[in-house]
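Colleague: What follows is a predicted structure for the sequence shown.
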Amino acid sequence: MNRLLLCADGSAYSEVCARYAAWYARRTGCAIEAVYVSDVWKYETSFLSDLSGSLGIQPYQDMMDTMQSLEQQKSELIEAALRAMLEREGLGGRLSFHHRTGGVVDQLESFEKGADPVSLVLLGQRGENANSSTGHLGSTMERVVRASTKPCLVTTRQFTPVTKLLLAYDGSPSATKALHWLVQAKEFKDLSLDLVTVAAASGDDAAATRLQESESVLRAGGWKPTCQLLTGEPGDAIAEYVSQQRIDLLVTGAYGHSAIRHLLIGSTTTELVRRCQVPVFLFR
């Protein structure tokens with residue numbers, strides 16, 4: 001059975017992400033691996049620099065032991081809440097829960113590259129510190145999307161039943177992966193699909209050709225997409241389309257043709273995740 005990886009931290013975004021995981025698992029039949037990662041290095045560095053020298057190693061060790069105990073209790077509460085939610089959805093038997101300690105990206109890599117790797121990563125657009133970082137994307141989300149070798153479904157703070165998809169296609173290798181995923185995703189073909197390509201200006205023959213070619217691929221795969229050639233700056237045009245057409249889920253490539261994708265998440269991708277008030281399914 002295919003498995004998806006749900007990143008859980010107990011936040012409101014994480015709770016909504018779990019509901020999207022249940023939606024995806026019900027449609028595909030996949031199992032759900034949920035993981036809560038305790039980033040204890042955040043505490044270790046501050047204590048090492050500020051406290052251990054003045055208080056001595058024993059008080060430092062006692063405080064670390066206390067925090068690790070609190071993290072374990074938090075993990076148990078997150079697992080209990082997830083199991084209760086999935087039981088209500090009729091999916092309780094599909095959940096495996098893990099509590100890991102260390103760097104988030106390193107821990108997720110073990111799920112992606114292990115003997116039985118997951119095929120999809122789900123995570124909230126923001127996390128535990130959302131209330132103190134209004135208007136900004138979560139740093140964990142950006143690190144995971146940059147590092148992940150798997151498709152990532154980045155969810156928002158509110159769950160909406162998915163009935164209408166949008167594929168934003170620019171001809172890049174990552175967007176082409178998204179296109180071929182849709183062709184193969186027979187479990188989703190009862191949903192409505194819109195297909196858009198963004199041209200820099202009217203009369204862009206290359207953009208029109210991309211739209212026609214991608215439409216042909218989708219129709220050959222059993223989709224009947226509504227197609228639109230947009231003009232303007234891609235982030236603006238796509239975000240406006242999502243809002244006006246009441247899109248429930250945006251599917252797109254993660255980086256386009258960016259030459260520095262190992263350093264920065266693509267600027268258009270960042271804008272889409274930040275501005276579109278819908279989940280974004282990103283393909284590498």
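Modeller: Cool, got the structure.
Colleague: so what does the helix or strand hosting Glu142 touch, helix or strand wise?
Modeller: Using DSSP states H and E, the element containing Glu142 is helix 139-147. Judged by 3 or more Cβ pairs under 8 Å, 6 or more residues apart in numbering; DSSP states H and E, helix 139-147 is in contact with helix 104-112, strand 120-124, strand 152-155, helix 267-275. From N, CA and C alone the C-beta is placed, and that goes for glycine too.
Colleague: Among those, show the one with the smallest mean pLDDT.
Modeller: Mean pLDDT per stretch puts helix 267-275 lowest among the helices and strands packed on helix 139-147, at a mean of 79.
Colleague: to the chain's geometric centre, what's the distance from the helix or strand following it?
Modeller: Proceeding N to C from helix 267-275, the next assigned helix or strand is strand 280-283, under DSSP H and E. Distance of strand 280-283 from the chain centroid (Cα atoms, centre = their mean, to the nearest Å) equals 7 Å.
Colleague: ditto for stretch 216-224
Modeller: 26 Å.
Colleague: Straight-line length of it, end to end?
Modeller: Its start and end residues considered, stretch 216-224 measures 10 Å (Cα to Cα, to the nearest Å).
Colleague: same check, this time on stretch 275-284
Modeller: Taking Cα to Cα, stretch 275-284 runs 20 Å from one end to the other.
Colleague: quick revisit: and the helices and strands packed on helix 139-147: which comes nearest Ser174?
Modeller: Ranking the helices and strands packed on helix 139-147 by proximity to Ser174 (Cβ to Cβ) places helix 267-275 first, at 9.2 Å.
Colleague: Distance check, the residue nearest to Gln277 when sequence neighbours are not counted against Leu167.
Modeller: Closest residue to Gln277 apart from its sequence neighbours, by Cβ to Cβ, 6 or more residues apart in numbering: Thr156 at 5.9 Å. For Thr156, the distance to Leu167 equals 18 Å [Cβ to Cβ, to the nearest Å].
Colleague: so who does the residue sitting nearest the centre point of the chain touch?
Modeller: The centroid of the chain falls nearest to Val154 when counting by Cα atoms, centre = their mean (2.5 Å). For Val154, the residues meeting the contact criterion (Cβ atoms under 8 Å, 6 or more residues apart in numbering) are Leu123, Gly124, Gln125, Met141, Val145, Val273, Pro279, Val280, Phe281, Leu282.
Colleague: Quick check: bridge partners of the last one?
Modeller: Just to be clear, that refers to Leu282. Cys152, Thr252 (DSSP bridges).
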